[in-house]
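A.B. asks: Build the 3D model from these lines:
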Amino acid sequence: MNELVITNARVLTMEGNSLGVRPKADVLIRGGSIEAIADTIDQPVAQRFDASGRVLMPAFVDCHTHACWAGSRLDEWERKLKGASYLELLEAGGGIMSTVRAVRNASREELRDALAVRLDRMKSLGTLTAEVKSGYGLSTESEVKMLEAIAEADGHWPGTVVPTACIGHAKDPDIDDFVRTTIEEILPEITRRFPGITIDAYCEKGSWSLDETLRLFDAALEAGHRVRVHADQFNDLGMIPEAIRRHLVSVDHLEATSPEHLDELAESETFGVMLPICGLHLDDRYANGRRFLDKGGRLAIATNYNPGSAPCCSMPMVVWAAVRHLGLYPDEAIRAATTSPAQLLGLDDRGVISHGLRADLVLLNTTDERELAFEFGLSPVAAVWAVGRRVV
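C.D. replies: Below is the predicted model:
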């Protein structure tokens, strides 16, 4: 049974509703779990690691990514920089459908291997739990292929991958009544092959309407799935009241949410997930994290790592952006990047440093956790332990 003591650390336990700071403590890890936290742990163990006063915290939990994809959107991005409109890009075959075509042409192994590279990048930046969505297949065969690739990549990564079937990500314009096809053909096959997997959709003008999204969700709920939704990125279409009524797990994006609907979400048990990298990369529009937290909302932040609107896998960068642009304080952003997203994903064995929990830990290159939200441009990570084994 592997044993390790990390000594002389500033430990963010995350217990209670704060960072739970232990200014100077030792952490004993045994068999991949936290065994004890104390001012000093003197018992003999196989390994000791001196943290030298640096911050030890739970590993990041990235609860919203599209990290499984093929192809590139760089040419499209350069055309946009030179003035091409979104409509012009779509007419030229760009946008999400360009990624869909690349995914359909890729093998399961190619998707798996590309995802594995991205997961390793995420690990190097302190992420050890990553939700990864399908949604670039838009057909039964390709959505299943994506989910199989995600599962295979998980098996070769020291962290945890949580798959989501984002089968309502867009509409294939070449398929008549794509909504019906998704509900009557794709969803039943996903249910058969991946029972209970979370279902997701993008409710927005030009994508799935409110009524279409709710038809899919009602069928998914009836089939025993958890449900999340992309909503209010560009327009508030009224999804939040319906999401609350159906007890959806989360509403993600929220840049365009009306104050009234944001307050309604904050007063519910449904999580709000905010994705500030989209604003950095696209249009300088951000969700109102300050209002949401002040109203009591359950907030998580995430990268939205994808080939188009959020080409960033860094949760430290998300923490920085959340403080700059969502109105969060550093301690709030750290909790929204660790403890809250673990709760959202239903993983009660991580996101907190406490006896018996999983030893997924990050050591920062600083003695003050506020640096995580202050300095940017360099990785703040000194070391990462996955289930007690050092992997960075």
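A.B. asks: mind listing what A310 touches?
C.D. replies: Shown in contact with A310 (CB atoms under 8 Å, 6 or more residues apart in numbering): L275, I277, C278, H281, T303, N304. Heads up, the C-betas are built off the backbone N, CA and C, glycines and all.
A.B. asks: those helices in the stretch 101-250 of the chain, which residues are they?
C.D. replies: For the stretch 101-250 of the chain, the helices defined by DSSP state H, counting those that start in this stretch cover 108-124, 140-154, 178-181, 187-193, 210-222, 239-245.
A.B. asks: which secondary element of this structure has the worst mean pLDDT?
C.D. replies: Within the chain, no helix or strand scores below helix 86-91, which has a mean of 71 by mean pLDDT, DSSP states H and E.
A.B. asks: Could you chop the chain up by domain?
C.D. replies: Domain assignment for the chain by automatic domain parsing gives 3-59+351-390, 72-344.
A.B. asks: returning to what we had before: of the contacts of A310, closest to E369?
C.D. replies: E369 lies nearest to T303 out of the contacts of A310, by CB to CB, at 19.6 Å.
A.B. asks: I'd like to know the phi and psi angles of the closest one, please.
C.D. replies: The phi/psi pair for T303 (degrees, to the nearest 10) reads phi -80, psi -30.
A.B. asks: What separation is there between it and M122?
C.D. replies: 8 Å (CB to CB, to the nearest Å).
A.B. asks: E371: which of the helices of the stretch 101-250 of the chain is closest?
C.D. replies: Judged by CB to CB, the one of those that comes nearest to E371 is helix 108-124, at 18.1 Å.
A.B. asks: follow-up on the earlier one: looking at T303 and M122, which has the bigger crowd around it?
C.D. replies: T303 (30 against 24; other CB atoms under 10 Å).
A.B. asks: sorry, back to before: let me know which of the domains of the chain is tucked in deepest.
C.D. replies: Across the domains of the chain, averaging neighbours per residue (mean count of other CB atoms under 10 Å) puts domain 72-344 on top, at a mean of 20.
A.B. asks: Check the offset of it from the chain's centre.
C.D. replies: 8 Å (CA atoms, centre = their mean, to the nearest Å).
A.B. asks: how long is it from one end to the other?
C.D. replies: This stretch, domain 72-344, spans 30 Å end to end (CA to CA, to the nearest Å).
A.B. asks: just stretch 181-196 next, same as before
C.D. replies: OK, stretch 181-196 end separation, CA to CA: 20 Å.
A.B. asks: and what of stretch 49-59?
C.D. replies: 17 Å.
A.B. asks: and it, average pLDDT?
C.D. replies: Mean per-residue pLDDT for stretch 49-59: 98.
A.B. asks: Then stretch 369-389?
C.D. replies: 97.
A.B. asks: Distance from that stretch to the middle of the chain?
C.D. replies: The answer for stretch 369-389 is 17 Å, by CA atoms, centre = their mean.
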